[in-house]
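> dropping a prediction and its sequence here:
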Amino acid sequence: MTATETAKATTADVVLEAENLTKHFPVRRGLRDLFTTERKAVHAVDDIQLTLRRGRVTALVGESGSGKSTVARLLAQLYSRTSGDIRLHGESVTVHGGRKFRAYCRQVQMIFQDPFASLNPVHTVRYHLTRALKIHGRAGKNAAELEENLNSLLLRVQLTPPERYLDKFPHELSGGQRQRVSIARALGADPEALLADEPVSMLDVSIRLGVLNLLRDLKERLDLAILYITHDIASARYFADETMVMYAGRMVEGGDSETVTQQPAHPYTRLLIESAPDPDRLDRVGDATGVGRGGNPTDAPADEAGGEPPSLITPPTGCRFHPRCVHAMPKCSTELPPRFELPVIGGTGDEGHWAACWLYEEGAAK
Ligand SMILES: Nc1ncnc2c1ncn2[C@@H]1O[C@H](COP(=O)(O)OP(=O)(O)OP(=O)(O)O)[C@@H](O)[C@H]1O
(Lines give C-alpha, C1' and ligand atoms only; values in the text may rest on other atoms or scores of the structure.)
Protein backbone atom coordinates (compact mmCIF):
# COMPACT_ATOMS: atom_id res chain seq x y z
CA MET A 1 0.00 0.00 0.00
CA THR A 2 1.38 3.44 -0.91
CA ALA A 3 1.56 6.24 1.68
CA THR A 4 -1.44 7.99 0.03
CA GLU A 5 -3.48 4.77 0.14
CA THR A 6 -2.59 4.26 3.81
CA ALA A 7 -3.63 7.84 4.58
CA LYS A 8 -6.95 7.31 2.73
CA ALA A 9 -7.61 4.04 4.57
CA THR A 10 -6.92 5.73 7.89
CA THR A 11 -9.26 8.62 7.07
CA ALA A 12 -11.99 6.14 6.08
CA ASP A 13 -11.59 4.44 9.46
CA VAL A 14 -12.27 7.63 11.39
CA VAL A 15 -15.66 7.46 13.09
CA LEU A 16 -15.67 10.33 15.56
CA GLU A 17 -13.43 13.38 15.88
CA ALA A 18 -13.20 16.21 18.37
CA GLU A 19 -11.38 19.36 17.41
CA ASN A 20 -10.48 22.06 19.94
CA LEU A 21 -13.27 20.75 22.15
CA THR A 22 -13.73 23.08 25.12
CA LYS A 23 -16.13 23.10 28.06
CA HIS A 24 -16.23 25.79 30.73
CA PHE A 25 -18.88 25.44 33.44
CA PRO A 26 -20.03 28.87 34.68
CA VAL A 27 -19.67 29.28 38.44
CA ARG A 28 -22.71 30.63 40.23
CA ARG A 29 -22.11 34.18 41.41
CA GLY A 30 -21.90 34.67 45.17
CA LEU A 31 -22.39 37.78 47.33
CA ARG A 32 -18.72 38.73 46.97
CA ASP A 33 -19.09 38.76 43.18
CA LEU A 34 -21.84 41.38 43.25
CA PHE A 35 -19.36 44.21 42.74
CA THR A 36 -17.41 42.62 39.91
CA THR A 37 -18.34 42.00 36.32
CA GLU A 38 -15.94 39.09 36.04
CA ARG A 39 -17.64 35.80 35.10
CA LYS A 40 -15.95 32.84 36.76
CA ALA A 41 -15.96 29.41 35.16
CA VAL A 42 -14.51 25.96 35.75
CA HIS A 43 -12.17 25.30 32.81
CA ALA A 44 -13.04 21.59 32.77
CA VAL A 45 -11.83 20.82 29.23
CA ASP A 46 -9.73 22.95 26.88
CA ASP A 47 -8.73 22.40 23.25
CA ILE A 48 -9.15 18.63 23.13
CA GLN A 49 -8.18 16.89 19.88
CA LEU A 50 -9.36 13.30 19.68
CA THR A 51 -9.94 10.78 16.93
CA LEU A 52 -11.80 7.49 17.38
CA ARG A 53 -11.26 4.90 14.66
CA ARG A 54 -13.19 1.81 13.64
CA GLY A 55 -11.93 -1.33 15.38
CA ARG A 56 -9.64 0.59 17.76
CA VAL A 57 -9.73 1.39 21.46
CA THR A 58 -8.50 4.83 22.51
CA ALA A 59 -7.84 5.27 26.21
CA LEU A 60 -8.26 8.63 27.90
CA VAL A 61 -6.23 8.52 31.09
CA GLY A 62 -5.82 11.00 33.93
CA GLU A 63 -6.43 11.55 37.61
CA SER A 64 -9.77 12.46 39.11
CA GLY A 65 -10.96 15.88 37.97
CA SER A 66 -8.77 16.00 34.86
CA GLY A 67 -11.84 16.29 32.62
CA LYS A 68 -12.16 12.76 31.21
CA SER A 69 -15.87 12.33 31.92
CA THR A 70 -16.61 15.79 30.59
CA VAL A 71 -15.01 14.82 27.28
CA ALA A 72 -17.17 11.68 27.11
CA ARG A 73 -20.32 13.62 27.98
CA LEU A 74 -19.55 16.24 25.36
CA LEU A 75 -19.07 13.50 22.76
CA ALA A 76 -22.33 11.86 23.86
CA GLN A 77 -24.08 15.27 23.52
CA LEU A 78 -25.08 15.17 27.18
CA TYR A 79 -23.35 18.54 27.65
CA SER A 80 -23.35 21.41 25.21
CA ARG A 81 -19.85 22.54 24.33
CA THR A 82 -18.39 25.98 24.96
CA SER A 83 -16.48 25.82 21.68
CA GLY A 84 -14.86 23.40 19.28
CA ASP A 85 -16.20 20.88 16.83
CA ILE A 86 -17.45 17.28 17.00
CA ARG A 87 -17.62 15.38 13.72
CA LEU A 88 -19.18 12.02 12.96
CA HIS A 89 -17.82 10.63 9.70
CA GLY A 90 -16.51 14.09 8.91
CA GLU A 91 -19.85 15.86 9.44
CA SER A 92 -20.17 18.42 12.23
CA VAL A 93 -22.89 17.86 14.77
CA THR A 94 -24.16 21.28 15.68
CA VAL A 95 -27.81 21.18 16.62
CA HIS A 96 -29.82 19.34 19.23
CA GLY A 97 -32.94 17.63 17.97
CA GLY A 98 -33.84 16.63 14.44
CA ARG A 99 -33.09 13.57 12.34
CA LYS A 100 -29.34 14.10 12.15
CA PHE A 101 -29.06 14.50 15.87
CA ARG A 102 -31.08 11.32 16.53
CA ALA A 103 -28.86 9.42 14.12
CA TYR A 104 -25.82 10.69 16.01
CA CYS A 105 -27.28 9.56 19.36
CA ARG A 106 -27.87 6.11 17.91
CA GLN A 107 -24.37 5.80 16.47
CA VAL A 108 -22.54 7.08 19.56
CA GLN A 109 -23.52 5.23 22.73
CA MET A 110 -22.25 5.69 26.26
CA ILE A 111 -21.56 3.13 28.98
CA PHE A 112 -21.45 4.55 32.49
CA GLN A 113 -19.26 3.69 35.43
CA ASP A 114 -22.01 2.50 37.75
CA PRO A 115 -24.29 -0.11 36.16
CA PHE A 116 -26.53 -0.08 39.26
CA ALA A 117 -27.27 3.61 38.83
CA SER A 118 -27.72 3.41 35.06
CA LEU A 119 -30.27 0.55 35.18
CA ASN A 120 -33.70 1.23 36.65
CA PRO A 121 -34.14 -1.07 39.70
CA VAL A 122 -37.89 -1.54 39.11
CA HIS A 123 -37.48 -2.89 35.58
CA THR A 124 -36.20 -6.21 34.26
CA VAL A 125 -33.42 -6.84 31.77
CA ARG A 126 -36.12 -7.57 29.19
CA TYR A 127 -37.65 -4.10 29.73
CA HIS A 128 -34.32 -2.28 29.44
CA LEU A 129 -33.28 -4.07 26.26
CA THR A 130 -36.73 -3.95 24.62
CA ARG A 131 -36.89 -0.21 25.22
CA ALA A 132 -33.46 0.31 23.63
CA LEU A 133 -34.43 -1.81 20.61
CA LYS A 134 -37.76 0.00 20.20
CA ILE A 135 -36.26 3.50 20.51
CA HIS A 136 -33.78 2.67 17.80
CA GLY A 137 -36.30 0.90 15.57
CA ARG A 138 -34.66 -2.51 15.90
CA ALA A 139 -37.32 -4.44 17.84
CA GLY A 140 -38.45 -6.46 14.82
CA LYS A 141 -41.88 -6.86 13.21
CA ASN A 142 -43.48 -9.18 15.77
CA ALA A 143 -43.03 -10.75 19.21
CA ALA A 144 -40.96 -13.63 17.86
CA GLU A 145 -38.49 -11.29 16.15
CA LEU A 146 -38.25 -9.16 19.28
CA GLU A 147 -37.46 -12.27 21.35
CA GLU A 148 -34.80 -13.27 18.83
CA ASN A 149 -33.21 -9.81 18.97
CA LEU A 150 -33.25 -9.81 22.77
CA ASN A 151 -31.56 -13.20 22.85
CA SER A 152 -28.91 -12.18 20.39
CA LEU A 153 -28.09 -9.05 22.43
CA LEU A 154 -27.57 -11.16 25.55
CA LEU A 155 -25.52 -13.70 23.64
CA ARG A 156 -23.33 -10.92 22.31
CA VAL A 157 -22.42 -9.88 25.86
CA GLN A 158 -21.94 -13.52 26.88
CA LEU A 159 -24.94 -13.74 29.23
CA THR A 160 -25.94 -17.28 28.39
CA PRO A 161 -28.39 -18.88 28.25
CA PRO A 162 -30.34 -15.63 27.60
CA GLU A 163 -33.59 -16.93 29.12
CA ARG A 164 -31.85 -17.14 32.50
CA TYR A 165 -31.27 -13.35 32.49
CA LEU A 166 -34.15 -11.80 30.54
CA ASP A 167 -36.62 -11.60 33.42
CA LYS A 168 -34.16 -10.72 36.16
CA PHE A 169 -34.13 -7.36 37.96
CA PRO A 170 -30.82 -5.48 38.31
CA HIS A 171 -30.48 -6.40 42.01
CA GLU A 172 -30.60 -10.10 41.09
CA LEU A 173 -27.45 -9.76 38.99
CA SER A 174 -23.80 -9.42 39.96
CA GLY A 175 -21.96 -6.17 39.19
CA GLY A 176 -20.27 -7.71 36.15
CA GLN A 177 -23.59 -9.05 34.83
CA ARG A 178 -25.21 -5.63 35.30
CA GLN A 179 -22.42 -3.97 33.35
CA ARG A 180 -22.90 -6.56 30.59
CA VAL A 181 -26.60 -5.66 30.48
CA SER A 182 -25.63 -1.97 30.15
CA ILE A 183 -23.33 -2.88 27.28
CA ALA A 184 -26.11 -4.96 25.66
CA ARG A 185 -28.46 -1.99 25.97
CA ALA A 186 -25.90 0.24 24.22
CA LEU A 187 -25.49 -2.40 21.50
CA GLY A 188 -29.28 -2.35 21.05
CA ALA A 189 -28.75 0.87 19.11
CA ASP A 190 -26.30 -0.85 16.74
CA PRO A 191 -23.72 1.90 17.39
CA GLU A 192 -20.43 2.62 15.64
CA ALA A 193 -18.76 4.19 18.68
CA LEU A 194 -18.90 3.29 22.35
CA LEU A 195 -17.90 5.80 25.02
CA ALA A 196 -17.01 3.72 28.08
CA ASP A 197 -16.57 5.95 31.14
CA GLU A 198 -14.59 3.92 33.70
CA PRO A 199 -16.62 0.81 32.79
CA VAL A 200 -14.85 -1.50 35.24
CA SER A 201 -13.77 0.73 38.10
CA MET A 202 -16.80 -0.13 40.25
CA LEU A 203 -16.50 -3.86 39.66
CA ASP A 204 -14.61 -6.40 41.76
CA VAL A 205 -11.04 -6.76 40.60
CA SER A 206 -11.65 -10.42 39.76
CA ILE A 207 -14.30 -9.63 37.13
CA ARG A 208 -12.79 -6.51 35.57
CA LEU A 209 -10.71 -8.44 33.09
CA GLY A 210 -13.77 -10.35 31.87
CA VAL A 211 -15.64 -7.13 31.03
CA LEU A 212 -12.57 -5.59 29.34
CA ASN A 213 -12.12 -8.77 27.32
CA LEU A 214 -15.78 -8.58 26.30
CA LEU A 215 -15.32 -4.99 25.09
CA ARG A 216 -12.23 -6.03 23.17
CA ASP A 217 -14.15 -8.90 21.60
CA LEU A 218 -16.94 -6.48 20.58
CA LYS A 219 -14.39 -4.08 19.13
CA GLU A 220 -13.04 -6.86 16.96
CA ARG A 221 -16.29 -8.56 15.97
CA LEU A 222 -18.39 -5.43 15.46
CA ASP A 223 -15.53 -3.16 14.35
CA LEU A 224 -16.49 -0.62 17.01
CA ALA A 225 -14.57 2.53 17.82
CA ILE A 226 -14.20 2.60 21.61
CA LEU A 227 -13.24 5.44 23.93
CA TYR A 228 -12.02 3.89 27.17
CA ILE A 229 -11.89 6.32 30.06
CA THR A 230 -9.81 5.30 33.04
CA HIS A 231 -7.52 6.56 35.77
CA ASP A 232 -5.64 3.25 35.58
CA ILE A 233 -2.88 3.65 33.03
CA ALA A 234 -1.82 0.00 33.44
CA SER A 235 -5.21 -1.17 32.11
CA ALA A 236 -4.82 1.21 29.16
CA ARG A 237 -1.65 -0.62 28.16
CA TYR A 238 -3.46 -3.92 28.31
CA PHE A 239 -6.67 -2.89 26.61
CA ALA A 240 -6.18 0.18 24.40
CA ASP A 241 -4.48 0.56 21.05
CA GLU A 242 -3.86 4.24 21.62
CA THR A 243 -3.53 6.19 24.86
CA MET A 244 -4.09 9.90 25.48
CA VAL A 245 -3.17 11.46 28.81
CA MET A 246 -5.11 14.39 30.30
CA TYR A 247 -4.06 16.74 33.05
CA ALA A 248 -6.23 19.54 34.43
CA GLY A 249 -8.46 19.72 31.37
CA ARG A 250 -5.75 19.52 28.72
CA MET A 251 -4.19 16.66 26.80
CA VAL A 252 -0.52 16.35 27.58
CA GLU A 253 0.65 13.22 25.75
CA GLY A 254 -0.60 10.68 23.24
CA GLY A 255 0.50 7.82 21.06
CA ASP A 256 0.22 4.07 20.78
CA SER A 257 -0.38 2.54 24.21
CA GLU A 258 2.81 0.51 24.33
CA THR A 259 4.96 3.58 23.67
CA VAL A 260 3.09 5.93 26.00
CA THR A 261 3.11 3.46 28.89
CA GLN A 262 6.60 2.05 28.37
CA GLN A 263 8.40 5.20 27.22
CA PRO A 264 6.37 8.01 28.80
CA ALA A 265 7.65 11.42 27.81
CA HIS A 266 5.59 14.00 29.70
CA PRO A 267 6.59 14.41 33.37
CA TYR A 268 2.92 14.00 34.34
CA THR A 269 2.60 10.69 32.47
CA ARG A 270 5.76 9.53 34.24
CA LEU A 271 4.25 10.49 37.56
CA LEU A 272 1.06 8.56 36.74
CA ILE A 273 3.05 5.49 35.76
CA GLU A 274 5.31 5.62 38.79
CA SER A 275 2.20 5.56 40.97
CA ALA A 276 0.94 2.44 39.14
CA PRO A 277 3.52 -0.34 39.53
CA ASP A 278 4.06 -2.52 36.47
CA PRO A 279 6.47 -5.47 36.81
CA ASP A 280 7.56 -5.19 33.14
CA ARG A 281 8.85 -1.71 33.79
CA LEU A 282 10.48 -2.08 37.18
CA ASP A 283 13.94 -2.73 35.74
CA ARG A 284 13.88 0.64 33.93
CA VAL A 285 12.08 2.78 36.48
CA GLY A 286 14.55 1.88 39.19
CA ASP A 287 17.55 2.60 36.94
CA ALA A 288 19.94 4.66 39.06
CA THR A 289 21.69 6.21 36.06
CA GLY A 290 18.71 8.46 35.44
CA VAL A 291 19.19 8.18 31.70
CA GLY A 292 16.27 6.95 29.63
CA ARG A 293 14.71 7.91 26.33
CA GLY A 294 17.22 9.72 24.15
CA GLY A 295 19.78 9.71 26.99
CA ASN A 296 19.08 13.24 28.13
CA PRO A 297 18.76 14.51 31.69
CA THR A 298 15.01 15.00 31.36
CA ASP A 299 14.74 11.25 31.20
CA ALA A 300 15.47 10.79 34.88
CA PRO A 301 12.91 8.16 35.81
CA ALA A 302 11.87 9.57 39.15
CA ASP A 303 9.58 12.53 38.53
CA GLU A 304 8.84 12.96 42.18
CA ALA A 305 6.44 15.78 41.64
CA GLY A 306 4.28 16.34 44.68
CA GLY A 307 1.40 18.71 45.18
CA GLU A 308 -2.19 18.76 44.12
CA PRO A 309 -4.00 19.32 40.82
CA PRO A 310 -4.63 23.05 40.28
CA SER A 311 -7.88 24.97 40.61
CA LEU A 312 -9.69 24.85 37.30
CA ILE A 313 -11.37 28.20 38.00
CA THR A 314 -8.00 29.94 37.75
CA PRO A 315 -5.81 27.34 36.04
CA PRO A 316 -2.04 27.97 35.94
CA THR A 317 -0.80 29.90 32.92
CA GLY A 318 1.53 28.15 30.48
CA CYS A 319 1.69 24.41 31.10
CA ARG A 320 -0.92 23.52 33.72
CA PHE A 321 1.44 20.95 35.22
CA HIS A 322 4.32 23.39 35.79
CA PRO A 323 3.63 24.09 39.52
CA ARG A 324 4.14 20.35 40.21
CA CYS A 325 6.81 19.61 37.66
CA VAL A 326 10.39 18.89 38.76
CA HIS A 327 11.66 19.83 35.28
CA ALA A 328 9.81 23.17 35.02
CA MET A 329 11.68 25.94 33.19
CA PRO A 330 10.77 29.67 33.24
CA LYS A 331 8.98 29.32 29.89
CA CYS A 332 6.68 26.61 31.27
CA SER A 333 4.85 29.08 33.49
CA THR A 334 4.17 31.59 30.72
CA GLU A 335 3.79 29.77 27.41
CA LEU A 336 1.41 26.95 26.59
CA PRO A 337 3.46 24.10 25.09
CA PRO A 338 2.28 22.83 21.69
CA ARG A 339 2.39 19.14 20.76
CA PHE A 340 5.96 18.06 19.98
CA GLU A 341 6.27 14.95 17.81
CA LEU A 342 8.62 12.35 19.32
CA PRO A 343 10.54 9.54 17.69
CA VAL A 344 8.84 6.19 18.30
CA ILE A 345 11.50 3.85 19.67
CA GLY A 346 10.42 0.27 19.01
CA GLY A 347 6.71 1.21 19.13
CA THR A 348 4.18 -1.26 17.85
CA GLY A 349 1.44 0.96 16.51
CA ASP A 350 1.08 3.44 13.69
CA GLU A 351 0.05 6.33 15.95
CA GLY A 352 2.58 9.13 16.25
CA HIS A 353 3.90 9.76 19.73
CA TRP A 354 3.71 13.35 21.00
CA ALA A 355 4.01 15.33 24.20
CA ALA A 356 2.89 18.87 24.99
CA CYS A 357 6.00 19.73 26.99
CA TRP A 358 8.73 22.30 26.42
CA LEU A 359 11.37 19.68 27.29
CA TYR A 360 10.87 18.29 23.80
CA GLU A 361 11.27 21.56 21.95
CA GLU A 362 14.20 21.24 19.61
CA GLY A 363 17.37 22.19 21.47
CA ALA A 364 15.80 22.07 24.95
CA ALA A 365 17.54 20.18 27.77
CA LYS A 366 20.03 18.47 25.48
N1 LIG B 1 -21.72 19.96 35.87
C2 LIG B 1 -20.60 20.53 36.32
N3 LIG B 1 -20.60 21.77 36.84
C4 LIG B 1 -19.47 22.37 37.28
N5 LIG B 1 -18.25 21.78 37.27
C6 LIG B 1 -18.18 20.53 36.79
C7 LIG B 1 -19.34 19.83 36.29
N8 LIG B 1 -18.97 18.60 35.85
C9 LIG B 1 -17.64 18.53 36.07
N10 LIG B 1 -17.17 19.68 36.62
C11 LIG B 1 -15.77 19.99 36.98
O12 LIG B 1 -14.99 19.78 35.82
C13 LIG B 1 -13.75 19.19 36.18
C14 LIG B 1 -13.56 17.91 35.40
O15 LIG B 1 -14.50 16.94 35.88
P16 LIG B 1 -14.65 15.49 35.25
O17 LIG B 1 -15.73 14.78 35.98
O18 LIG B 1 -14.78 15.60 33.77
O19 LIG B 1 -13.24 14.84 35.59
P20 LIG B 1 -12.80 13.30 35.55
O21 LIG B 1 -11.38 13.29 35.08
O22 LIG B 1 -13.77 12.52 34.79
O23 LIG B 1 -12.85 12.93 37.08
P24 LIG B 1 -13.43 11.57 37.75
O25 LIG B 1 -12.47 10.49 37.37
O26 LIG B 1 -13.40 11.89 39.22
O27 LIG B 1 -14.82 11.40 37.21
C28 LIG B 1 -13.76 19.00 37.69
O29 LIG B 1 -13.09 20.09 38.27
C30 LIG B 1 -15.23 19.02 38.02
O31 LIG B 1 -15.42 19.53 39.33
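It's in.

> immediately after the worst-scoring helix or strand of the chain on mean pLDDT, which helix or strand?
Least confident helix or strand, the chain: helix 282-285 with a mean of 46, by mean pLDDT, DSSP states H and E. Sequence-wise, the next helix or strand downstream of helix 282-285 (DSSP states H and E) is strand 340-342.

> flag every residue of the chain that's near the ligand.
Taking Cβ under 6 Å from any ligand atom as the criterion, the neighbours of the ligand within the chain are 25, 42, 44, 62, 64-70, 231, 312. Heads up, the C-betas are built off the backbone N, CA and C, glycines and all.

> could you rerun that using 5 Å?
F25, V42, A44, S64, G65, S66, G67, K68, S69, T70, L312 (Cβ under 5 Å from any ligand atom).

> just put the residues you listed in a markdown table and tack on distance to T51.
Below are the residues of the chain next to the ligand laid out as a markdown table (distance: Cβ to Cβ, whole Å):
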| residue | distance to T51 |
| --- | --- |
| F25 | 25 |
| V42 | 26 |
| A44 | 21 |
| S64 | 25 |
| G65 | 24 |
| S66 | 19 |
| G67 | 17 |
| K68 | 16 |
| S69 | 19 |
| T70 | 18 |
| L312 | 25 |
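
> next, give me the two most distant ones among these.
Greatest spatial distance among the residues of the chain next to the ligand (Cβ to Cβ): F25 and S64, at 16.1 Å.

> who has more neighbours out of the two?
Neighbour count, other Cβ atoms under 10 Å: between F25 and S64, F25 has more, with 16 against 8.

> helix or strand: which one has that one?
strand 14-26.

> mind giving me the packing neighbours of the longest helix along the chain?
Ordering each helix of the chain by length in residues (DSSP state H) puts helix 205-222 first. Packing partners of helix 205-222 (3 or more Cβ pairs under 8 Å, 6 or more residues apart in numbering; DSSP states H and E): strand 57-61, helix 175-187, strand 193-197, strand 225-230, helix 233-239.

> what residues sit buried inside the last one?
When burial is assessed from 16 or more other Cβ atoms under 10 Å, helix 233-239 yields the following buried residues: I233, A234, S235, A236, R237, F239.

> let's verify V260: helix, strand, or coil?
helix (DSSP: H, G, I helix; E, B strand; the rest coil).

> got a list of what it touches?
A236, T243, V245, E253, G254, T269, H353 (Cβ atoms under 8 Å, 6 or more residues apart in numbering).

> my guess is the second one is in a strand, correct?
Yes. The secondary structure assignment for T243 places it in a strand, going by three-state DSSP.

> what's the neighbour count on it?
Neighbour count of T243, defined by other Cβ under 10 Å: 29.
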